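# Got a predicted structure plus its sequence, pasted below:
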Number of protein chains: 2
Amino acid sequence: MSTHTISPDILDPVSAKAAVDNVLFDFLDNHRKNPGQRQLAQLVKLLEEFMVGGKRIRPILTVLGWQAAGGENDLTTVVRVAASLEMFHAFALIHDDIMDDSDTRRGRPTIHRILAGKRGDDRTERFGIGGAVLLGDLAFAWSDNLLHTAGLTPAQSAAVLPILTEMRTEVMLGQYLDLRATGELTDDVDAALTVNRYKTAKYTVERPLHIGAALAGADAPVLAACTAFALPLGEAFQLRDDLLGVYGEVRDTGKSRLDDLRAGKSTALVALALRAGDAAQRARLRTLIGDPQLDETGAEEVRAIFAATGARDAVERMIDDRYRRALGVLDTAPFTADAVTALRHLSTTATRRNS
Amino acid sequence: MSTHTISPDILDPVSAKAAVDNVLFDFLDNHRKNPGQRQLAQLVKLLEEFMVGGKRIRPILTVLGWQAAGGENDLTTVVRVAASLEMFHAFALIHDDIMDDSDTRRGRPTIHRILAGKRGDDRTERFGIGGAVLLGDLAFAWSDNLLHTAGLTPAQSAAVLPILTEMRTEVMLGQYLDLRATGELTDDVDAALTVNRYKTAKYTVERPLHIGAALAGADAPVLAACTAFALPLGEAFQLRDDLLGVYGEVRDTGKSRLDDLRAGKSTALVALALRAGDAAQRARLRTLIGDPQLDETGAEEVRAIFAATGARDAVERMIDDRYRRALGVLDTAPFTADAVTALRHLSTTATRRNS
């Protein structure tokens, strides 16, 4: 159990992040030192290292949702539920990296790559995948454990658990759509935005806000305002992510800016370029995107087509449009004033970030 | 929600299995028909087909544990919790098949093989693995959903959830030990039995009994008797599985009897043969076991060495010894008489089966 005191400053996102990190690392530390699980220590250590350095956007939104709905007591419960969402997110990322065959995450090799060691024979690769599947599973189980030990009242359980189930099904649906679409380049911008909505807008923004708000006993208008704010902001957040996947600096994002292109991710950016490009540009995009051997020269050619077709600028406009819509919702949302201030600030950093 | 009435005959394992199956297939049917999850329908159908034909040993043990501890009411709750364990098991099997690179399960291709289609290019293989990781994750999330909607009282939640957490961590620890040991043949019989204890004795027998008993408010002596019965029986169950993996008929087991040998599984059977064999036999075992190309001729040679070294007979004796110990525990266990009768019967079928 944590011995850290949670201060009222938690209403500041930086403090919320610190409180959640304390819960997470205490939890993992206890597991690593548990003599009955000695043989899991190596896996737990990997998970601890993996969890260093995330943005903690979901836990912060959980705390803000709770605050927006007027939550005042139960800080310990809220923080532990928020930590549970972050542990679930570790699970989702570890499995996502397997599905995308990504080599780096948060500036370090991905879990399956660490476990596989240097690219080697088939057996080593399979051990890497198997171990990463398992470590993700463990994080999933432990996110439940954090939730079960959060001290939820029966009323809180009744309000939160159905949202949690929805969130999990939605993110898996998004992953599945993403998996099916990967490598199948399309100029269907709506299809790309649908994946975006499930994988990010709902999973990353709407549901954490809902879960926090539900912990504070939010009524239907508050939950509806969370949705109205979250969906445009979440879409903007993912569109920014799509741009960073191609234009970001690895020292900022911790991810190679070749991974998304090599994997052939069907983003709105790609769909817009395919829609606006001429036959020659479309042919080049289809040759280059999804080529697992793509190098920086090829990526530069893709970026030039994104610029020439106006796709990059169009995505920037889409981000801006959604950012403004999200802010507009805050003007009339039935949220506490402090929460509105914090959400306004977060909207800006989430859409104008470089990492 | 299920419209099926649960009859008191559930105390008979055949009825328990039917009641659990009704809950599971109603649940999946509702998800497949949910318009908001239309795009998941293909995955849900795969899961439905995958779940046909299991032995349901864990749900049956959950019901028997509840009965052993004198459970009388809440049949609906018990059956739904039991169904939740079976859904969790579907998750565990789907991911296990990825880790073992198995081609068949329950007489059909494994999920990652179905999704990959015919053995094809790298991308198809990766789609198969990614989709199977995801379908396993969905089953995990839905096992939680079944649990959350089982109508547990706060006292039942408090009793059951810590056991559930232990069970999940234990099975993942067992999987990890198994994964690390696969391909590293050893004559360390104890190491093989340790994996066996986590993967099967605790996960398959002890914890389902505990969970059922905890639902009925079992006290410490009842839980201790569950453990004393479950560990030898579970070890015997797994040892039988090890033998079936090498000697079973695919028409009975639904699994190829080459898979375990090709994967190089470190079973007690293999460890005993390595310990008892002469230098030439050991060398042949190390060449043949773990060879992904092993054919039936090679497997016959392995079986001949298992016979010549006495390893096969030794495993049969270990099964018999554990079977007798489990029955001995039932003679004095503080269980209800009907439960003792059912557990005695189950002990026999679990250790003398051919599938």
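That came through fine.
# Tell me where the stretch 51-200 of chain A has strands.
Ranges of strands in the stretch 51-200 of chain A, per DSSP state E, counting those that start in this stretch, are A:104-105, A:108-109.
# Out of those, which gets nearest to A:Ala225?
Of all the strands of the stretch 51-200 of chain A, strand A:104-105 sits nearest to A:Ala225, with 33.4 Å by Cβ to Cβ. To be clear about C-beta, it is placed using only N, CA and C from the backbone, and glycine gets the same treatment.
# who touches the residue nearest the centre of chain A in this structure?
Of all residues in chain A, the one closest to the mean position by Cα atoms, centre = their mean is A:Thr204, 5.5 Å from it. Residues counted as contacts of A:Thr204 (Cβ atoms under 8 Å, 6 or more residues apart in numbering or on different chains) are A:Ile57, A:Arg58, A:Leu61, A:Gly234, A:Phe237, A:Gln238.
# List the buried residues of stretch A:108-120.
Across stretch A:108-120, burial judged by 16 or more other Cβ atoms under 10 Å in any protein chain shown covers A:Pro109, A:Thr110, A:Ile111, A:His112, A:Arg113, A:Ile114, A:Leu115, A:Ala116.
# Which one (most neighbours) among the contacts of A:Thr204?
Counting neighbours by other Cβ atoms under 10 Å in any protein chain shown, A:Leu61 leads the contacts of A:Thr204 with 32 neighbours.
# With adjacent residues omitted, what lies nearest to it?
A:Pro208 (3.9 Å; Cβ to Cβ, 6 or more residues apart in numbering or on different chains).
# surely A:Leu43 meets A:Gly131?
Yes - using Cβ atoms under 8 Å, A:Leu43 makes contact with A:Gly131 at a distance of 7.5 Å.
# Sketch out the low-pLDDT regions of chain A for me.
Where chain A drops to pLDDT under 70, the residues are A:1-11, A:118-120.
# which parts of it sit against chain B?
Contact residues (Cβ under 8 Å from any Cβ of the partner chain) of chain A with chain B: A:37, A:39-40, A:43, A:91, A:95, A:98-99, A:101, A:123, A:126-127, A:129-131, A:133-134, A:136-138, A:140-142, A:144-145, A:148, A:154, A:157, A:161-162, A:165, A:168-169, A:172-173, A:175-177, A:179, A:183.
# Taking those residues, please make a PyMOL selection of just the buried ones.
Command for PyMOL, covering only those of those found buried under the criterion 16+ other Cβ under 10 Å:
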select buried, chain A and resi 37+40+43+91+95+98+99+101+126+127+129+130+131+133+134+136+137+138+140+141+142+144+145+148+157+161+165+168+169+172+173+175+176+177+179
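# before we move on, the earlier item: where do the contact lists of A:Leu43 and A:Gly131 overlap?
Counting by Cβ under 8 Å, 6+ apart, the residues touching both A:Leu43 and A:Gly131 are B:Tyr176.
# number of nearby residues for A:Thr332?
A:Thr332: 9 surrounding residues under other Cβ under 10 Å.
# In the stretch 151-300 of chain A, what residue comes closest to chain B?
A:Arg168 (4.0 Å; Cβ to the nearest Cβ).
# so that residue makes contact with B:Ala139?
No - using Cβ under 8 Å, A:Arg168 is not in contact with B:Ala139; the gap is 11.3 Å.
# hmm, back to that, what distance do you get for the residue nearest to A:Leu61 to A:Ala214?
Between A:Pro208 and A:Ala214 the distance is 11 Å, computed by Cβ to Cβ, to the nearest Å.
# Then A:Glu300?
From A:Glu300 across to A:Ala214, the span is 47 Å (Cβ to Cβ).
# can you tell me the helix or strand for A:Gly328?
With elements taken from DSSP states H and E, the one containing A:Gly328 is helix A:311-332.
# What is the helix or strand just after that helix packed up against?
Using DSSP H and E, the helix or strand that follows helix A:311-332 in sequence is helix A:337-351. The helices and strands touching helix A:337-351, judged by 3 or more Cβ pairs under 8 Å, 6 or more residues apart in numbering or on different chains; DSSP states H and E, are helix A:13-33, helix A:57-68, helix A:220-247, helix A:311-332.
# Next, the angle helix A:13-33 makes with the shortest one.
What that stands for is helix A:57-68. Comparing the axes of helix A:57-68 and helix A:13-33 via axes from the mean of the first three to the mean of the last three Cα atoms, to 10 degrees yields an angle of 120 degrees.
# what about the closest residue to A:Ala150 other than its chain neighbours, distance to A:Ala139?
Computed as Cβ to Cβ, 6+ apart, the closest residue to A:Ala150 that is not its neighbour in sequence is A:Arg80, at 3.8 Å. Counting by Cβ to Cβ, the gap between A:Arg80 and A:Ala139 amounts to 16 Å.
# what does A:Ala155 give?
Distance check for A:Ala155 against A:Ala139: by Cβ to Cβ, it reads 28 Å.
# Who has more neighbours out of those two?
Between A:Ala155 and A:Ala139, counting by other Cβ under 10 Å, A:Ala139 is the more crowded of the two (25 against 11).
# Quick one: residues contacting the nearest residue to A:Ala92 once chain neighbours are set aside.
Distances taken as Cβ to Cβ, 6+ apart put A:Val171 closest to A:Ala92, at 6.2 Å, once the chain neighbours are dropped. By Cβ under 8 Å, 6+ apart, the residues touching A:Val171 are A:Ala92, A:Tyr198, A:Lys199, A:Lys202, A:Tyr203.
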